[in-house]
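A.B. asks: here is my input; please provide its structure:
(one chain, ligands or ions: 1)
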Amino acid sequence: MKILVINGPNLNMLGKREPGIYGSQSLKDLENGIMEASEKLGVEIKCFQSNYEGALLDEIHQAADNGFEGIIMNPGAFTHYSIALRDAISSIDLPVIEVHISNVHAREEFRKHSVTAPVSIGQISGFGFYGYEMALHAMKEYLKGREV
Ligand code: DQA
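C.D. replies: Got it, this is the predicted structure:
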């Protein structure tokens, strides 16, 4: 089972960026933690981060051809307005789980709306870095349920 983990814009700034909201650990720390969790679960993963919408779209379009069965994605601010990202998710056959480090529903009004969540199988928000591990468990169960 191969799962793609995508982090969108500004998530390369983790550790430096608003530590009161996103914590003091870096993207590398996050990816190392996800890697460790995936090994325990027996799932193969690749982590990808970009600040560019087009690079995220390309990665999503190619995911199935690259052998991935599901995508865990934190689209960052694109969550709230990128119809292109939403259309990319709709255009592929893979399940996507949306993750947010912070609780987007407890922050500014504009963060409560996600254009990508309705085309994802679910959203995890507010559990810090652990949300990605939760998503890995959820994706594994989801994919197992789809096996024939
Ligand atoms: C975020 C929440 C978004 O509103 C914000 O723009 C981010 C990070 C989160 O992980 O909590 O960049 O996706």
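
A.B. asks: now do the helices in this protein.
C.D. replies: Assigned by DSSP state H, the chain shows helices spanning 19-22, 27-41, 53-62, 83-91, 130-146.

A.B. asks: mind listing what the residue nearest the centre of the chain touches?
C.D. replies: The residue lying closest to the centre of the chain (Cα atoms, centre = their mean) is residue 73, at 1.6 Å. Contact analysis of residue 73 by Cβ atoms under 8 Å, 6 or more residues apart in numbering lists 5-8, 96-99, 116, 120. (Glycine included, C-beta is placed from N, CA and C.)

A.B. asks: closest to residue 34 out of the residues you listed?
C.D. replies: Nearest to residue 34 among these: residue 5, at 5.8 Å, using Cβ to Cβ.

A.B. asks: and the pLDDT at that closest one?
C.D. replies: For residue 5, the pLDDT comes out at 98.

A.B. asks: so what pLDDT did the residue nearest to the centre of the chain get?
C.D. replies: Note for residue 73: predicted pLDDT of 98.

A.B. asks: format the contacts of residue 73 as TSV; extra columns: distance to residue 85.
C.D. replies: As requested, the contacts of residue 73 are arranged in TSV below (distance: Cβ to Cβ, whole Å):
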residue	distance to residue 85
5	16
6	10
7	13
8	8
96	10
97	14
98	10
99	14
116	6
120	11
